[in-house]
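Q: Dropping a prediction and its sequence here:
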Amino acid sequence: MTNDSDILIVGGGLNGPALALALARAGQSVTLIDALPGAARKDAGFDGRAYALALASQRLLVATGVWSRIADAAQPMLDIKVTDGHAGAGPSPFFLHFDHDEIEEGPMGYMVEDRHLRRAFLEAMDAEPGITQVDGTVVAQDIGPQGVTVTLDDTRSLTASVLVGCDGRASGTARRAGISRTGWSYGQTGLVCAIAHEKPHHGVAHQFFMPPGPLAILPLTGNRSSIVWSERTETAEAINALGDDDYLAVLRPRFGDFLGAIELAGARWSYPLGLTVANSFIADRLALVGDAAHGMHPIAGQGLNAGLRDVGALAEVLVQAARRGEDIGAAPVLERYQQWRRFDTATLALATDAFNKLFSNDNPLLRLGRDLGMGLVNAAPALRRGFLREAAGLTGDLPRLLKGQPI
């Protein structure tokens, strides 16, 4: 069987391009398929979305040639402040403060706007001869003993040794492979926007835990911040239906006045919050990456970072197998990827689920326990440093790309 490429990737969001670049730069031929035309994905309009990239994720972007295209538009996260309280009543006296000076590697992460990151991936792929980009929707996939064939909605067929689904929580790649999912809704909705504010943020990220859900205030370049605001779904729907002025009127008592006057600086978005994990990350000649494998609550800001760990692990497994002369789509090869990522993903999913349940309530005993816990961690440098390194993505069995090393 003669394949069109070594690897087919379905999904051109962020994880798909990152994987394509990691593989192509290591000598593999890749075809990336996305339902959205490339011109639409390059739209430079600012829609308010942004991502918190852990330091390890930034290293992967350096290794794949993407970082140099966005470095000037990235905002370093120097500190993280975590507080607990009620909207309009101010935070609890117990808090956590993580300072990047407590680790040697530099900033714990960076904030990058979606419009910059997505465009940088597309430009990097355009410059990589090992990547073929195809616009189209996959409507069928057929797994054979020597390869996989996908059929697009315009009847074109493409073949490869391995098929990778990077096509989100509702992954058609997973569904067609018969992979079921486990998960549940949190009854919360995430409200997302960007704001401009009067005073500088000094690179400090804030996480304010309130009974309906957390409010994250994440620094962007200039006097701007990205807001990820969790509310009970019924309340969120009512807030989202408001005009911009009324929306800000609801946000202000939650946000506080520590950055002065605020105003919207982009579009507003909302999405339901829940947990969903694929019951297997692999099938015959198939692997799942990012949200196609696991979707979590944004409470720890680890969604994209977990996906990029998948990217680093799968790229390393496939490239090393190819160099050894193995069939990269063989079950033992793909099982190495699943074994590498399954435990870490399960641990992160359980942790985000537990944190959300612990902090998104107004139970006085739980509130007392978590406030005392935050106070104790804040007073213990070793514990604080451990949490800080975890947030920076520097712990665990890291793929080479996330250490800043080539495969």
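A: Sure, I can see it. A quick note: this is a predicted structure, and the numbers were derived from the prediction, not measured.
Q: Please report how far the residue nearest to Asp167 when sequence neighbours are not counted lies from Arg181.
A: Leaving aside its sequence neighbours, Asp167 sits nearest to Gly11 (Cβ to Cβ, 6 or more residues apart in numbering; 3.8 Å). Yep, even glycine has a C-beta here, placed from its N, CA and C like the rest. Gly11 sits 16 Å away from Arg181, going by Cβ to Cβ, to the nearest Å.
Q: Check Leu251 too.
A: 33 Å.
Q: Can I get the longest strand anywhere in the chain in CSV? Just the C-alpha atoms.
A: Determined from DSSP state E, the single longest strand within the chain is strand 181-197. Only the C-alpha atoms of strand 181-197 are listed here, as CSV (Å, rounded to 0.1, in the frame of the first residue of the first chain):
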residue,chain,number,x,y,z
ARG,A,181,-16.5,8.7,26.5
THR,A,182,-17.0,9.2,30.2
GLY,A,183,-18.0,12.6,31.6
TRP,A,184,-20.5,14.9,33.1
SER,A,185,-21.7,18.5,33.0
TYR,A,186,-20.8,20.9,35.9
GLY,A,187,-24.0,22.9,35.4
GLN,A,188,-21.7,25.9,34.8
THR,A,189,-21.0,28.1,31.8
GLY,A,190,-17.7,29.8,31.1
LEU,A,191,-18.0,33.5,30.1
VAL,A,192,-15.0,34.7,28.2
CYS,A,193,-14.0,38.2,27.1
ALA,A,194,-11.1,40.6,27.1
ILE,A,195,-11.0,43.9,29.0
ALA,A,196,-9.0,47.0,28.9
HIS,A,197,-8.1,48.5,32.3
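Q: roughly how far out does that strand sit from the chain middle?
A: Taking Cα atoms, centre = their mean, to the nearest Å, one finds strand 181-197 lying 13 Å from the centre of the chain it belongs to.
Q: Name every strand pairing with that strand and say which way it goes.
A: With DSSP bridges as the test, strand 181-197 is paired with strand 224-232 (antiparallel), strand 262-264 (antiparallel), strand 269-278 (antiparallel).
Q: Of those strands, which stretch is the most buried?
A: By mean neighbour count, with neighbours taken as mean count of other Cβ atoms under 10 Å, strand 224-232 ranks first of the strands paired with strand 181-197 at a mean of 23.
Q: pLDDT value on Thr221, please?
A: You'll see Thr221 listed with a pLDDT of 96.
Q: please begin residue numbering at 57 from this point
A: Let's use 57 as the start, then, which means that last one is Thr277.
Q: Phi first, then psi, for Gln189.
A: phi -100, psi 130 (degrees, to the nearest 10).
Q: Give the buried residues for the longest helix seen in the chain.
A: Determined from DSSP state H, the single longest helix within the chain is helix 387-415. Buried residues in helix 387-415, defined by neighbour count with 16 or more other Cβ atoms under 10 Å: 389-390, 392-394, 396-398, 400-401, 404-405, 407-409, 411-412, 414-415.
Q: So for the next helix or strand after that helix, what gets flagged as buried?
A: Reading on from helix 387-415 to the C-terminus, the next helix or strand found by DSSP states H and E is helix 420-434. For helix 420-434, burial by neighbour count (16+ other Cβ under 10 Å) applies to Arg423, Arg426, Asp427, Met430, Val433, Asn434.
Q: And the pLDDT for Leu404?
A: Taking Leu404 on its own, its pLDDT is 89.
Q: all helices for the stretch 207-356 of the chain, in order.
A: For the stretch 207-356 of the chain, the helices defined by DSSP state H, counting those that start in this stretch occupy 228-232, 289-296, 300-311.
Q: winner for burial among those helices?
A: Of the helices of the stretch 207-356 of the chain, the one with the most neighbours on average (mean count of other Cβ under 10 Å) is helix 228-232, at a mean of 21.
Q: which helices and strands sit right next to that helix?
A: Applying 3 or more Cβ pairs under 8 Å, 6 or more residues apart in numbering; DSSP states H and E, one finds that helix 228-232 contacts strand 194-199, strand 218-221, strand 342-344.
Q: check contacts around the residue sitting nearest the centre point of the chain.
A: Centroid-nearest residue in the chain, with Cα atoms, centre = their mean: Leu360, separated by 1.3 Å. By Cβ atoms under 8 Å, 6 or more residues apart in numbering, the contact set of Leu360 is Leu70, Asn71, Tyr107, Ala108, Leu109, Ser113, Gly346.
Q: try 10 Å this time
A: When contacts are counted by Cβ atoms under 10 Å, 6 or more residues apart in numbering, Leu360 touches 69-71, 74, 107-110, 113, 168, 173, 346-347, 354.
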